[in-house]
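1. 3D, please:
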Amino acid sequence: MDWPTILDVPANPPVVAERNEIPDWLFLGLLGIQGAFWAYTYACLIYRGNRDRWMGIPVFAVVLNLSWEVTFLIVLPHPPQQKPIDVLWILLDLFILRLAFRYGWKDFDFPKATFVRLVAAALVVSFVFHIVMGWELADNEGIYGAMAINIYMSIAFIQLLRRRGSSIGQSMHVAVGKAVGTLGAGAMFFAWYPGRNLLTMCTLVILAIDIVYIRMLHRQLRADGVPTWSLRHPTVRPPVPAPVSAPDPVRS
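-> Numbers count the residues shown, from 1 in each chain. Purely as a prediction, here's the structure:
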């Protein structure tokens with residue numbers, strides 16, 4: 001049984017298309033936008049995380065970020081000019097991962113020791129995921145993995161806010177910095193690969209979800225009595241006390 005289809009699968013899919021050459025001013029401008037806004041986002045995450053003693057970013061987003069950066073630094077062939085930047089992001093992510101091991105368990109209802117083992121297992125799975133995806137798609141730049149991480153991260157920020165019912169650990173600076181930084185990366189990907197519609201679609205989806213999170217966070221900040229653009233405000237306690245870290249049950 002067969003019938004005509006709307007679309008045929010291309011013999012040369014867009015994923016194998018060569019990268020467009022773009023002017024240096026455009027490349028450096030977009031690189032500067034994403035780099036500056038993401039660096040500022042990381043700095044604000046670290047500041048609020050230390051001040052509130054709560055994570056300002058979903059724990060497993062940090063895991064995915066770190067594994068992506070290490071994968072393209074030492075496993076798959078990332079462009080040489082990108083590798084110094086990878087080292088910088090790895091150092092920042094390691095610092096945030098340290099915060100995750102100290103405070104990330106508060107968002108989960110199982111013992112801290114179990115949380116640490118789960119994060120370690122997630123790191124291993126994430127490494128395998130990025131290696132397989134990058135190799136199978138011949139994606140030396142890690143673009144598809146980066147977009148997958150950002151879609152997850154945008155959704156996870158909303159889940160984090162809803163689960164806590166509080167703005168603790170979070171900041172409008174982080175929300176907007178993440179959105180603008182990712183939009184800059186998406187614009188660069190579009191300039192390089194205008195025929196890869198999946199990348200454009202991912203960029204627009206991420207932006208839409210980020211806007212939803214920004215609006216939700218704005219309402220929560222007002223409910224908590226925190227000025228929208230405050231970064232140094234006192235810690236806001238969540239309405240539900242954080243679970244107490246209990247030891248793992250003893251097995252007989």
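
2. what's the burial count for residue 15?
-> Residues lying near residue 15 (other Cβ atoms under 10 Å) number 16. Using the backbone N, CA and C atoms, a C-beta is placed for each residue, glycine as well.

3. and the pLDDT at it?
-> If you check residue 15, the pLDDT there is 84.

4. that one and residue 68, how far apart?
-> Plainly put, residue 15 is 18 Å away from residue 68 if you go by Cβ to Cβ, to the nearest Å.

5. with residue 220 instead?
-> Distance, residue 220 to residue 68, using Cβ to Cβ: 29 Å.

6. who has more neighbours out of the two?
-> Between residue 220 and residue 68, residue 68 has the larger neighbour count (other Cβ under 10 Å), namely 25 against 19.

7. may I have the distance across stretch 93-111, first residue to last?
-> In stretch 93-111, first residue to last residue: 23 Å (Cα to Cα, to the nearest Å).

8. which SS class is residue 188?
-> Under DSSP: H, G, I helix; E, B strand; the rest coil, residue 188 falls in the helix class.

9. how far away from the center of its chain is the biggest helix by length in the chain?
-> Ranked by residue count under DSSP state H, the longest helix found in the chain is helix 24-52. In this view, helix 24-52 has its centroid 12 Å away from the chain centroid, taken as Cα atoms, centre = their mean, to the nearest Å.

10. now do the next helix or strand after that helix against helix 24-52, angle only.
-> Sequence order places helix 59-70 as the next helix or strand after helix 24-52, per DSSP states H and E. Between the axes of helix 59-70 and helix 24-52, defined by axes from the mean of the first three to the mean of the last three Cα atoms, to 10 degrees, the angle is 140 degrees.

11. give me the helices and strands touching helix 59-70, please.
-> Counting by 3 or more Cβ pairs under 8 Å, 6 or more residues apart in numbering; DSSP states H and E, the packing neighbours recorded for helix 59-70 are helix 83-103, helix 112-136, helix 143-164.

12. what is the neighbour count of the nearest residue to residue 138 once chain neighbours are set aside?
-> Sequence neighbours aside, residue 16 is the residue nearest to residue 138 in space, at 7.2 Å (criterion: Cβ to Cβ, 6 or more residues apart in numbering). By the criterion of other Cβ under 10 Å, residue 16 has 9 neighbours.

13. isn't residue 228 up against residue 172?
-> Yes. Contact criterion Cβ atoms under 8 Å: residue 228 and residue 172 qualify, at 5.4 Å.

14. now the longest helix of the chain: buried residues?
-> Buried residues in helix 24-52, defined by neighbour count with 16 or more other Cβ atoms under 10 Å: 30-31, 33-35, 37-42, 44-49, 51-52.

15. tell me the helices and strands packed up against it.
-> helix 83-103, helix 172-192.

16. follow-up on the earlier one: deepest of the helices and strands packed on helix 59-70, which one?
-> Mean neighbour count (mean count of other Cβ atoms under 10 Å) peaks for helix 143-164 among these, with a mean of 19.

17. can you list contacts of that one?
-> For helix 143-164, contacts defined as Cβ atoms under 8 Å, 6 or more residues apart in numbering pick out 57-58, 60-61, 64-65, 68, 71, 107, 129-130, 133-134, 137, 139, 167, 170, 175, 178, 182, 185-186, 189, 193, 198-199, 202-203, 205-206, 209-210, 212-213, 216-217, 220, 238, 240.
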